[in-house]
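J.: Here is a sequence together with a model predicted from it:
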Protein chains: 2
Amino acid sequence: MATANRGSVLTSQNTDFPRWYQEVLDKAELADNGPVRGTMVIRPYGYSLWERVQAEIDTRIKLTGAENVYLPLFIPESYLKREAQHVEGFSPELAVVTHAGGKALPEPLVVRPTSETVFGEFMSKWVQSHRDLPLLLNQWANVVRWELRPRLFLRTTEFLWQEGHTAHATVEDAAAYTLRIHLDVYRDFLQNVLRLPVLVGVKTARERFAGAINTMSCEVMMGDGKALQMATSHELGQNFAKAFDITYTDAAGQRQHCWTTSWGSSTRIIGGLIMGHGDDHGLVIPPRLAPIQAVVLAVKGEEHVLDAARRLTDELTRAGVRARVDLRTDQGFGRRVTDWELKGVPVRIEIGPRDVANGEVSVIRRDTRAKVTIPAAQATTTVAQLLDTVQADLYESANRRLTSRMVETESLEEAREAARSGFARIPWKILGLQGERALAEDAISVRCLQTTDGAVPQDPDAADVVAVVGRSY
Amino acid sequence: MATANRGSVLTSQNTDFPRWYQEVLDKAELADNGPVRGTMVIRPYGYSLWERVQAEIDTRIKLTGAENVYLPLFIPESYLKREAQHVEGFSPELAVVTHAGGKALPEPLVVRPTSETVFGEFMSKWVQSHRDLPLLLNQWANVVRWELRPRLFLRTTEFLWQEGHTAHATVEDAAAYTLRIHLDVYRDFLQNVLRLPVLVGVKTARERFAGAINTMSCEVMMGDGKALQMATSHELGQNFAKAFDITYTDAAGQRQHCWTTSWGSSTRIIGGLIMGHGDDHGLVIPPRLAPIQAVVLAVKGEEHVLDAARRLTDELTRAGVRARVDLRTDQGFGRRVTDWELKGVPVRIEIGPRDVANGEVSVIRRDTRAKVTIPAAQATTTVAQLLDTVQADLYESANRRLTSRMVETESLEEAREAARSGFARIPWKILGLQGERALAEDAISVRCLQTTDGAVPQDPDAADVVAVVGRSY
């Protein structure tokens, strides 16, 4: 297995997956470590991926009726104490401002680890009558949680995310909305844009968000068989509304506590994209997400070759393809090819002097690296079709990996064994709380509870519920 | 002048402009004060304005070739000391993190007042050869500067902004790029989208950004005759490159220092929108920027009225108008009209039972409040045309105010007098450094230096250069 990675500038995934990951970040120019430990400098190519992730998720959030707001970075320390259960989980992670404006502050300020408490405070103010419900809010912002073992995009002291917070009149409305966010925003984006098969389900009591009555997650298998939790959605019951006094007057004139929800996703998604599709040659980006869908390389610097490359790029752009031309013929051709492979651009078109003479171009898809030579006149049509094909195929290949590394098991021992290299599914009534604790000793966790056919269970204690177990990031 | 503001829920601008501003923020549901003094909660309607501002500016920045990045919130205190001139300007404004992860930190961390020093550090790393130039970067982020006299959107402890930082091989390229950003990004957005007449020019030595060799600004007259600086662009010469060792190897193999620039705009633009177009009835939003361009009000709750309102809204949406329907007929009609006026929606359409019977609708433009009754069948065409008309007229009315309150003067005394209620233009050779100092004692400043015909001067010391002076926010 652990062979040298011939023809690539990267350590092979099989040799050392974490090292491969770090090298991709660096060589595809995605991100650098910031000057403060655990912080991240997101470089232009990495940020262009995040901008597209953001736009896709934001559009879906708005379709559910939620609106964006912006709440302050600084939170008075006293705010966090209101929700004791919550702050206990966070306090070792907090960064605290004690001085500002040249003086010691009378009360320390916490740099938001989430804006949850500020949402609570203002939702309490904004909700008065049943007419104000549902109140559907979302925020895109940076948050800070001190990390002892940081890893770029996966776990950083500062990260970018969205956090949604909503208030509803009934438990049913809160539950339905949370499920809608989970499936129509997160799962839809991850499956249809990012092309990663998503396991949806609910968290066990052990893994549930503090203060939630139900936590749903999107779990995705990475290239090394480990799970990455790529989004979570919580029903908070009336716990949060009681802590922050979020109440409304119902149609009969009675004060009632709201039912609230919260849900989030972050720059961790970029980590999932890298590890979910990447291979020994670098990133592999699904065409619908790709900032650059097709790159046209002039092989040599003759003017008619450069011209042909420019013309094809213009034609692709007019056809709606996000195309880029590479005319850097003063640099080695092999190195330029390696660079575009590292960056995971879905389709590469190469044009050399002989191609121009023959009226041909070469078209290479990044995922399989298969190359075809076709008449130049068909290039735009071929590329457009190929982008659709790659978008479809990426899901299939990720799904094959998931299927081949997910084992149906009937005992704790089988599940433990399967989780060495992938996921195991095991009936929850067989595993139970005791089995969950036993697996935790081997750093194996229940990623989620599902129905046998992979849906979010209505009743997590039903007889046919299965636990998906695995190692995780 | 100071009369009651009949028919409005707001204090009149003439009575108390600052109070009018605060009431608009509150009643149009734009923003609230955050829990920490000087911080801001941007509410959904306010944030939807910012999202549209951001999208317009971001598109223009990308057209100049710049790419977005994200740099960390926290900066080691030692970084800021590298550029002594710079830190001196900032230190009383800094917020400092001294504790994190449950412990005192070995070195305090500054919450970025700008990311300038981190850009410096990483540009030094990313620029090696002349082939890496120009390096054109931009960042959208929150920044913190402790404010003693905060005012929402205009001057807040935390604000949202973009900061661009670029490195060039020659002084000419740096100057040309800065001018391009200033005119094609900022002025174009402010004039053509926001519809505010912009005075462009260079800052005097006294007003120039610390470390810059040239600072350009966009100055806009607000409803009270005061100036708001809505964007600035700086040529930094080689000062910044020397402080951060940003060098490149030229074609001859020699190490050279780069020429750098920086430029920024912020949520202050929302303050400028409010004070630049708002009137005694609230916000007035230019149609191209407006999140909601037309609102259709059902006057009464009969089903056929609600149906007609819904149908017209759908028709407007299909015609590309950002339309919203208001069916809240359980609330008073007058109150709903007041709300939409406060929110500055450019066009309002009212449909009542008699209108449906007559096959008519009423169309009201927000800026002039003029009302016409037209056949319902023409509503979509009329609204689309009216949006264009309003977009054009808003500039004209803002420009009339500017023209009527800007006086050509020939002496310090005349300029001082004119600056009581607006701007004065005075030849810079008459005013000079001494005159500038004298005006400063009356809180009047030189907003910018222009050529007589209002262009950015090539040589600020040329004989025909004029100073624009006024009071400012």
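T.: Looks like it arrived, so ask away.
J.: average pLDDT across stretch A:70-88?
T.: Along stretch A:70-88, the predicted local confidence has a mean pLDDT of 79.
J.: make that stretch A:405-416, sorry
T.: Averaged over stretch A:405-416, pLDDT sits at 97.
J.: and if you look at stretch A:464-473?
T.: Stretch A:464-473 comes out at a mean pLDDT of 97.
J.: Quote the end-to-end distance of it.
T.: Across its full length, stretch A:464-473 reaches 28 Å between end residues, using C-alpha to C-alpha, to the nearest Å.
J.: List the buried residues for that stretch?
T.: Of the residues in stretch A:464-473, A:465, A:466, A:467, A:468, A:469, A:470, A:471, A:472, A:473 count as buried by neighbour count, 16 or more other C-beta atoms under 10 Å in any protein chain shown. Any C-beta I mention is one placed from the backbone N, CA and C, and that applies to glycine too.
J.: what does stretch A:416-434 give?
T.: Applying a neighbour-count criterion of 16+ other C-beta under 10 Å, the buried positions in stretch A:416-434 are A:416, A:418, A:419, A:422, A:423, A:424, A:425, A:426, A:427, A:428, A:431.
J.: again, but for stretch A:71-82
T.: For stretch A:71-82, a neighbour-count test (16+ other C-beta under 10 Å) marks A:71, A:72, A:73, A:74, A:75, A:76, A:77, A:79, A:80 as buried.
J.: thought the fourth one was touching residue B:142?
T.: By that I understand residue A:74. No - when contacts are counted by C-beta atoms under 8 Å, residue A:74 is not listed as touching residue B:142 (10.3 Å).
J.: Can you check which residues contact both of the two?
T.: Overlap between the contact sets of residue A:74 and residue B:142, as judged by C-beta atoms under 8 Å, 6 or more residues apart in numbering or on different chains, is given by residue B:158.
J.: Out of the buried residues of stretch A:416-434, flag the one nearest to residue A:211.
T.: Set against residue A:211, the nearest of the buried residues of stretch A:416-434 by C-beta to C-beta is residue A:428 (23.0 Å).
J.: and that closest one, what does it touch?
T.: By C-beta under 8 Å, 6+ apart, the residues touching residue A:428 are A:449, A:460, A:461, A:465, A:466, A:467.
J.: Could I get the phi/psi values of it?
T.: Backbone torsions for residue A:428, taken as degrees, to the nearest 10, come to phi -60, psi -30.
J.: per-residue confidence for it?
T.: In the predicted model, residue A:428 carries a pLDDT score of 97.
J.: do you know how far it is from chain B?
T.: Using C-beta to the nearest C-beta, to the nearest Å, one obtains 36 Å as the distance from residue A:428 to chain B.
J.: and that residue, how far is that from residue A:454?
T.: According to C-beta to C-beta, to the nearest Å, residue A:428 and residue A:454 sit 14 Å apart.
J.: circling back: show me which of the contacts of residue A:428 is closest to residue B:204.
T.: Sorting the contacts of residue A:428 by distance to residue B:204 puts residue A:449 at the head of the list, at 68.0 Å, by C-beta to C-beta.
J.: three-state assignment of that closest one?
T.: strand (DSSP: H, G, I helix; E, B strand; the rest coil).
J.: For the residue most central in space within chain A, what are phi and psi?
T.: Nearest to the geometric centre of chain A sits residue A:269, at 2.0 Å (C-alpha atoms, centre = their mean). In this entry, residue A:269 is assigned phi and psi values of phi -60, psi -30 (degrees, to the nearest 10).
J.: Is residue A:362 within a helix or a strand, and which one?
T.: Secondary structure assignment for residue A:362, by DSSP states H and E: strand A:360-365.
J.: so what does that strand touch, helix or strand wise?
T.: Strand A:360-365 is packed against strand A:347-351, strand A:371-375, helix A:379-404, with contacts defined by 3 or more C-beta pairs under 8 Å, 6 or more residues apart in numbering or on different chains; DSSP states H and E.
J.: how much does that strand deviate in direction from strand A:347-351?
T.: Our comparison of strand A:360-365 with strand A:347-351, counting by axes from the mean of the first three to the mean of the last three C-alpha atoms, to 10 degrees, yields an angle of 160 degrees.
J.: coming back round to it: just the buried residues of stretch A:416-434 now: which is nearest chain B?
T.: Within the buried residues of stretch A:416-434, the smallest distance to chain B is 30.6 Å, found for residue A:419 (C-beta to the nearest C-beta).
J.: residue contacts, that closest one?
T.: Going by C-beta under 8 Å, 6+ apart, residue A:419 touches A:439, A:442, A:444, A:469, A:470, A:471.
J.: measure it to residue A:67 for me?
T.: Remark: distance between residue A:419 and residue A:67 (C-beta to C-beta) = 41 Å.
J.: List the residue ranges of chain A that fall below the pLDDT cut-off.
T.: Across chain A, the ranges flagged by pLDDT under 70 are A:1-7, A:83-90.
J.: now the strands: where do they sit in the stretch 1-150 of chain A?
T.: Per DSSP state E, counting those that start in this stretch, the stretch 1-150 of chain A carries strands over the ranges A:31-33, A:40-42, A:67-68, A:74-76, A:95-100, A:103-111, A:135-144.
J.: Just name the most buried of these.
T.: When you average the neighbours per residue for each of those (mean count of other C-beta atoms under 10 Å in any protein chain shown), strand A:40-42 leads with a mean of 26.
J.: list the helices and strands that one packs on?
T.: The helices and strands touching strand A:40-42, judged by 3+ C-beta pairs under 8 Å, 6+ apart, are strand A:31-33.
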